[in-house]
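1. Show me how the following folds:
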Amino acid sequence: MNDLLFLILGSLFVMAAFSLALLFQNLWTGFFAAFIAATVWLWLLDMRRVSRLQDPGKRKIVRAMFVFLVSVLLGVSVMDYKRSVNHKAQLTDIRTTIIHSVSRIEIENSLQLALRHFYSLPSEEQTSIADAFRDLFSDRLNEDGSWIPDIPDDGDMQFRYAIVSPDSIVLTVSTNFTRGKDPQFINTNQQTGLYQAKAVLTKRGVQHVREN
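-> Numbering: from 1, shown residues only. Below is the predicted model:
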């Protein structure tokens, strides 16, 4: 096997290892697979060429260069990987904060509006908060318990309502992919570990609680 063919096969070997990124849909999987493949190729290069050098000093220098190169690449890769993980965590925290703020405004404002509507009615018409809620939001209440929010649908937040009693209404928001605090938490949409919060309306006011 001549040197050119050895170089070509080594390049193909590294490229094939990197293609695992497409298979697993993860860039870092391909990168580390390519790194391992490149390390194996360098080892074979050492066995094929470096070990045949007559001068022991030259062998040590070349091998030291190999070790230095691999160590630097590994160190930089680990640092970049940690940085990307931290960046992803920061983006997740930012999204959760946005979801929390937007959904809280939606459910709190809606229930406060229902409460104001209830107390704005003449005393003889104040039958129950539930009736005032249905009257005000009849076009946003689905029979399956889902709630149609005012905010645009982003495909993540799901809203539900529950009339617990004539004077107690609960609006709940859960997400499809935004993570919550507890990975074991079971959401109302039967998923696990996702963000969820609720607002409870009674005659005394509205109370917001983040459940996960």
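2. Please read off the pLDDT at the closest residue to residue 15 other than its chain neighbours from the model.
-> Closest residue to residue 15 apart from its sequence neighbours, by Cβ to Cβ, 6 or more residues apart in numbering: residue 34 at 7.7 Å. Heads up, the C-betas are built off the backbone N, CA and C, glycines and all. Note on residue 34: pLDDT of 79.
3. Please spell out which residues along the strand or helix carrying residue 34 are buried.
-> Assigned by DSSP states H and E, residue 34 belongs to helix 27-48. Using 16 or more other Cβ atoms under 10 Å as the test for burial, helix 27-48 gives 29-35, 37-39, 41-42, 45.
4. Distance to residue 90 added to the residues you listed, as TSV?
-> TSV is the format used below for the buried residues of helix 27-48 (distance: Cβ to Cβ, whole Å):
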residue	distance to residue 90
29	22
30	24
31	21
32	23
33	27
34	27
35	26
37	32
38	31
39	31
41	36
42	36
45	40
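5. what about residue 146, how many residues close to it?
-> Using other Cβ atoms under 10 Å, residue 146 is surrounded by 13 other residues.
6. what are the bridge partners for it, then?
-> Residues in a beta bridge with residue 146, per DSSP bridges, are residue 160.
7. With residue 194 instead?
-> Here residue 194 sits in beta bridges with residue 179, going by DSSP bridges.
8. what's the burial count for it?
-> 24.
9. quick one: it and residue 177 touch, right?
-> Yes - with contact defined as Cβ atoms under 8 Å, residue 194 counts as touching residue 177 (7.1 Å).
10. before we move on, the earlier item: could you list the residues in contact with the helix holding residue 34?
-> Residues external to helix 27-48 that are found in contact with it (Cβ atoms under 8 Å, 6 or more residues apart in numbering): 6, 10, 13-22, 24, 62-63, 66, 69-70, 73-74, 77, 81, 84.
11. could you redo the last one with a cut-off of 10 Å?
-> Helix 27-48 is contacted by residues 1, 3, 6-7, 9-24, 26, 50-52, 59, 62-63, 66-67, 69-70, 73-74, 77-78, 80-81, 84-85 when judged by Cβ atoms under 10 Å, 6 or more residues apart in numbering.
12. any idea how the protein splits into domains?
-> Following automatic domain parsing, the chain resolves into domains at 3-89, 104-210.
13. before we move on, the earlier item: and the next helix or strand past the helix holding residue 34?
-> Heading C-terminal from helix 27-48 (DSSP H and E), you reach helix 56-120.
14. the inter-axis angle of the helix or strand following that next one versus helix 56-120?
-> As assigned by DSSP H and E, the chain's next helix or strand after helix 56-120 is helix 129-136. Regarding helix 129-136 and helix 56-120, their directions subtend 100 degrees when assessed with axes from the mean of the first three to the mean of the last three Cα atoms, to 10 degrees.
15. Under the pLDDT cut-off, which ranges of the chain? List them.
-> 1, 3-4, 21, 50 (pLDDT under 70).
16. So which residue of it lies furthest out from the middle?
-> No residue in the chain sits farther from the centre than residue 54, which is 55.7 Å out by Cα atoms, centre = their mean.
17. Please report how far it lies from residue 2.
-> According to Cβ to Cβ, to the nearest Å, residue 54 stands 21 Å off from residue 2.
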